[in-house]
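# could you work out the structure for the sequence below:
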Amino acid sequence: MTPPDGADEPPASDGSHTIDGSPAAGGSSTADGPSGNDASGTDAAMRGPPAERTAAERLAFGVVNLDKPPGPSAHQVAGWVRDLAGVDRVAHAGTLDPTVTGCLPILLGAATRLAPASLEGHKEYVAVLELHAPVPADLGAVLDAFEGPIHQKPPRKSAVARELRVREIHALDAIEAESRRALLRIRCESGTYVRKLCHDLGLALGTGAHMGDLRRTGTEPFDDTDLVTCHDLADALAFAAAGDPGPLAAAVGPAERALAHLPRVTIAGSAAREVAHGAPVYAPGVLGVEGVAAPMEDVAAGTGGAADEPLVACYTPDGAVVCLGRLVGDPGAERGTVVDLERVLV
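Numbers count the residues shown, from 1 in each chain. Purely as a prediction, here's the structure:
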């Protein structure tokens, strides 16, 4: 069963894959409890500011913006990173076909619990459109027509049910075109089948077409400006072992970086300790909110289920992430629940 060409696994499979490093597990899903603290009932230790974490702390709760090479599967590459870093588990945020290269964020250690956030961001690709006739003059107009919502049915060799789905194409441009080839820049919703998009473009152009080379240049909030190769990571780990943590700090970011595209809720330390024991975020504990697009009155109305509300990340005042959750209430209220928990990260 093959995943989408250059696209994430659709939400039916969570869009991310966790690899457990224990001998008895060969890729089992993360199975932490709902709160992430131990069973002793003591206060969970809060992480310090992301910029001040040691190399060991980054490996235990970090992310690598990996440049996937052609050939191995995303699962294989994630396994290499797990073994290089010496961590017990990793998760890759979305998958790529073996022939596809580019941006493949790898979550390390406890950061695997951030994997649901990988479903929220858009993806960006550069693809070669192989036309079956010379490039027509109306290429630009046809590309413009494909921007917006489109209908797609997964290919026959697919890991999901072949049901018609709607996916959003945010931007579709030709970087250059000559003879029977066009180099396309694609910005799209997670779960878009780029190979199917190229096929449909060929039909609309009247020439027929298929996908050639494909490279992912971004998976929100990551892009290709600071990609790390497996060789870079191996070198950085060697420097860290020799007493120089600088290269590792550049190669392995704090896990909070993987959440930069989500709305941000800052909560008091007392509220963070309550969250660590499974309590939701209540209005008195909220210190501030950034990046919430929906009007607060719409959120406060709570017309849909919690799963329909915005996914947010909650942080301590010094920037350490505490949890992922759904914004279900007005942060400016004096009382009531503001964030229902989805993943506790302390």
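
# okay, domains of this structure per the record?
As assigned by automatic domain parsing, the chain contains the domains 11-114+223-257, 123-219, 262-344.

# okay if I get those domains as JSON lines plus mean neighbour count?
From N, CA and C alone the C-beta is placed, and that goes for glycine too. Output for the domains of the chain, formatted as JSON lines (neighbours: other C-beta atoms under 10 Å):
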{"stretch": "domain 11-114+223-257", "mean neighbour count": "18"}
{"stretch": "domain 123-219", "mean neighbour count": "17"}
{"stretch": "domain 262-344", "mean neighbour count": "18"}
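
# which stretches of the stretch 151-300 of the chain aren't confidently modelled?
Low-confidence segments of the stretch 151-300 of the chain, defined by pLDDT under 70, span residues 157-160, 294-300.

# what ranges do the strands span in it?
Along the stretch 151-300 of the chain, counting by DSSP state E, counting those that start in this stretch, strands occupy 165-178, 181-188, 209-219, 222-223, 253-254, 264-267, 281-282, 286-290.

# out of these, which comes closest to residue 147?
Closest to residue 147 of the strands of the stretch 151-300 of the chain is strand 165-178 (C-beta to C-beta; 5.2 Å).

# give the partner strands of the closest one in its sheet and their orientations.
Paired with strand 165-178 in the same sheet, following DSSP bridges, are strand 148-152 (antiparallel), strand 181-188 (antiparallel).

# that strand: how far from the chain's middle?
Averaging C-alpha positions (C-alpha atoms, centre = their mean, to the nearest Å) puts strand 165-178 20 Å from its chain's average.

# and the contacts of that strand?
Contact with strand 165-178 is made by 10, 122, 126, 135, 139-140, 143-144, 146-154, 182-189, 191-193, 197, as judged by C-beta atoms under 8 Å, 6 or more residues apart in numbering.

# show me where pLDDT drops low in the stretch 1-150 of the chain?
Scanning the stretch 1-150 of the chain for pLDDT under 70 picks out 1-18, 20-44, 119.

# those strands in it, which residues are they?
Here the stretch 1-150 of the chain has its strands, by DSSP E, counting those that start in this stretch, at 16-20, 61-68, 89-93, 101-109, 123-131, 148-152.

# these: which one's closest to residue 257?
Taking the strands of the stretch 1-150 of the chain one by one with C-beta to C-beta, strand 61-68 is closest: 5.7 Å.

# CSV please, covering the strands paired with strand 165-178 and showing distance to residue 161.
Shown next, in CSV, are those (distance: least, C-beta to C-beta, whole Å):
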stretch, distance to residue 161
strand 148-152, 13
strand 181-188, 20
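
# which of those sits closest to residue 334?
strand 148-152 (40.0 Å).
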